[in-house]
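Asks: Requesting a structural model of the entry that follows:
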Amino acid sequence: MGIEKWIGAGLGWAFGGPIGALIGFSVGSWLGNDKQPKRLQGGGSYDTRGRRTTVFDFKASLLVLTAAVMKADGKILKSELDYVKRFFIQNFGTEETKRDMLMLRDLLKKEIPLDDVLNQVRRAMTIANRRQLFYYLVGIATADGHVDEKERQVLYQISNYFGLSIQEFNSAFASYKPASDVSPYTLLEIESSATNEEVKKAYRKLARKYHPDLVANLGPAQVKSAEDHFKKMKNAYEDIKKMRGMR
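Replies: Below is the predicted model:
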């Protein structure tokens, strides 16, 4: 093991907790590589009250937790890698994605101290940022059309640490299925027995909880992602209104 890797890990731990240690380990590996990327984009540090999460903080968490979810079932699938690559290109551009995929390659070889990582994310990020991160992770697990039980268990563990309810957990999975295969009530995080007034109240609550402005600190790509997700909930609400003849 090259000393550069351990230097990178030490610096990461000092300045960015367990996530920084893992990312630093990967960056350190580039120091001894003749083909190393020229520079690492981004910067910033976690705010313990979750108010200063930067795009770089979010991306670092994405990479580490991406590795944890992909490793959960003991298989690294091409469909998952393709999903991750598309997501990173859309959000961070082609050049940054090349570096990020090298970093992910290193992370997939590492043991991820998941409890420590999740504790750091929970302390550092707002609940809105954690929800956005969780929906992306569910997308990885569903990329091949099948969610392995071990993947589901890891995602359930993540959702618990993130402070998400079982309704939010189920809604996240439902959002990746065809509308015809999903109950609109699941997307609205309510039971089908809810009254008309409860349906309206649930929709108003979701409109506040998932407002794109809440993830504006993560950049325009994440705002767009939040808008797309909320659109599915709005469509579910309209479907329920039609079924019930609500106004």
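Asks: Pick out the residue nearest the middle of this protein.
Replies: The centre of the chain sits closest to residue 133, judged by CA atoms, centre = their mean, with a distance of 2.3 Å.
Asks: check contacts around that residue.
Replies: For residue 133, the contact set (CB atoms under 8 Å, 6 or more residues apart in numbering) comprises 58, 61-62, 65, 121, 125, 162. In short, each C-beta sits where N, CA and C put it, glycine included.
Asks: Where does pLDDT dip in this protein?
Replies: Applying pLDDT under 70 to the chain flags residues 1-15, 27-56.
Asks: what about the helices in it?
Replies: For the chain, applying DSSP state H gives helices covering 3-31, 55-71, 78-92, 94-107, 114-124, 127-141, 149-161, 166-174, 184-187, 196-209, 220-244.
Asks: and the last one, how far from the chain's centre?
Replies: Which is helix 220-244. Centroid separation between helix 220-244 and its chain, computed with CA atoms, centre = their mean, to the nearest Å, is 19 Å.
Asks: Counting by contacts, list what it packs against.
Replies: Helix 220-244 sits against helix 78-92, helix 127-141, helix 184-187, helix 196-209, with contacts defined as 3 or more CB pairs under 8 Å, 6 or more residues apart in numbering; DSSP states H and E.
Asks: one step back: of all the contacts of residue 133, which comes closest to residue 226?
Replies: Relative to residue 226, the closest of those is residue 58; by CB to CB it sits at 12.7 Å.
Asks: isn't the closest one right up against residue 221?
Replies: No - the pair residue 58 / residue 221 is not scored as a contact, 10.4 Å apart, by CB atoms under 8 Å.
Asks: any idea how far the residue nearest to the centre of the chain lies from residue 214?
Replies: Residue 133 sits 13 Å away from residue 214, going by CB to CB, to the nearest Å.
Asks: can you put the helices and strands packed on helix 220-244 in CSV and add distance to residue 153?
Replies: Formatted as CSV, the helices and strands packed on helix 220-244 follow (distance: least, CB to CB, whole Å):
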stretch, distance to residue 153
helix 78-92, 17
helix 127-141, 11
helix 184-187, 20
helix 196-209, 25
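Asks: Residue 110: neighbour count?
Replies: Residues lying near residue 110 (other CB atoms under 10 Å) number 16.
Asks: ditto for residue 161
Replies: Per other CB under 10 Å, the neighbour tally for residue 161 reads 18.
Asks: Apart from its neighbours in sequence, what residue is nearest it?
Replies: With CB to CB, 6 or more residues apart in numbering as the criterion, residue 161 has its nearest non-adjacent residue at 3.6 Å, and that residue is residue 118.
Asks: And the one you found, how far from residue 19?
Replies: The value you get for residue 118 to residue 19, if CB to CB is used, is 10 Å.
Asks: same question, residue 239
Replies: With CB to CB as the criterion, residue 239 and residue 19 are 39 Å apart.
Asks: related to what we said a few turns ago, enumerate every residue touching the residue nearest to residue 161.
Replies: Taking CB under 8 Å, 6+ apart, we find residue 118 in contact with 157-158, 161-162.
Asks: Is it possible to mark the buried ones in these?
Replies: Buried by 16 or more other CB atoms under 10 Å: 158, 161-162, out of the contacts of residue 118.
Asks: mind putting those in a markdown table, distance to residue 246 included?
Replies: Below are the buried ones among the contacts of residue 118 laid out as a markdown table (distance: CB to CB, whole Å):
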| residue | distance to residue 246 |
| --- | --- |
| 158 | 35 |
| 161 | 37 |
| 162 | 32 |
